[in-house]
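got a sequence here, can you build the structure:
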Amino acid sequence: QVQLVESGGGLVQPGGSLRLSCAASGSIVSIDDMGWYRQAPGKQRELVAIITDSGSTNYGDSVKGRFTISRDNARNTVYLQMNSLKPEDTAVYYCNADRLRTVARTTLSIWGQGTQVTVSS
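Next comes the predicted model:
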């Protein structure tokens, strides 16, 4: 069974930093895109950042210049370094692995369970 496990959320003061991690496990051959999305109460889920298997990145406008996504392909792990955090960054952050190819020759798009990030003084 393929799954994503996230870690690193928590409570941080405005201007602080957090690093999120998301590890994919199971019978994985490859993963094309890995990314982070977030959903605040009463709002739709939105893109935070995406990284391809070759290292190309794309960021949501609200996080450009503050957040950095990176990836370790050998470990099927994606990271999100969040700096200069603002109260409006408060949300549940979800990891996504898209076009994940398995040993069973299936192609999946899967989500993690989510990790809470709260930015407050």
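
quick one, phi psi at the residue nearest to the spatial centre of the chain?
What sits nearest the mean C-alpha location of the chain, by Cα atoms, centre = their mean, is residue 36, with 2.8 Å. With angles defined as degrees, to the nearest 10, residue 36 shows backbone torsions of phi -120, psi 140.

does it touch residue 51 like I think?
No - if you go by Cβ atoms under 8 Å, residue 36 and residue 51 don't touch, sitting 9.2 Å apart. No exception for glycine: its C-beta is placed from N, CA and C like everyone else's.

residue contacts, the closest residue to the residue nearest to the centre of the chain other than its chain neighbours?
Nearest-residue entry for residue 36: residue 48, 4.2 Å, with adjacent residues in sequence omitted and distances by Cβ to Cβ, 6 or more residues apart in numbering. By Cβ atoms under 8 Å, 6 or more residues apart in numbering, the contact set of residue 48 is 35, 36, 37, 38, 59, 60, 63, 67, 69, 80, 93.

check which helix or strand residue 48 maps to.
Assigned by DSSP states H and E, residue 48 falls within strand 46-52.

in its sheet, which strands sit next to that strand, and in what direction?
Note on strand 46-52: by DSSP bridges, its sheet partners are strand 28-39 (antiparallel), strand 57-59 (antiparallel).

from those, which stretch is densest packed?
strand 28-39 (a mean of 19; mean count of other Cβ atoms under 10 Å).

now it: how far from the chain's centre is it?
Put simply, strand 28-39 sits 7 Å off its chain's centre (Cα atoms, centre = their mean, to the nearest Å).

cool, stretch 52-68 as well?
Stretch 52-68 has its C-alpha centroid displaced from the chain centroid by 11 Å (Cα atoms, centre = their mean).

next: stretch 53-72.
Chain-centre distance of stretch 53-72: 10 Å, with Cα atoms, centre = their mean.

that concludes my questions; thank you for your assistance.
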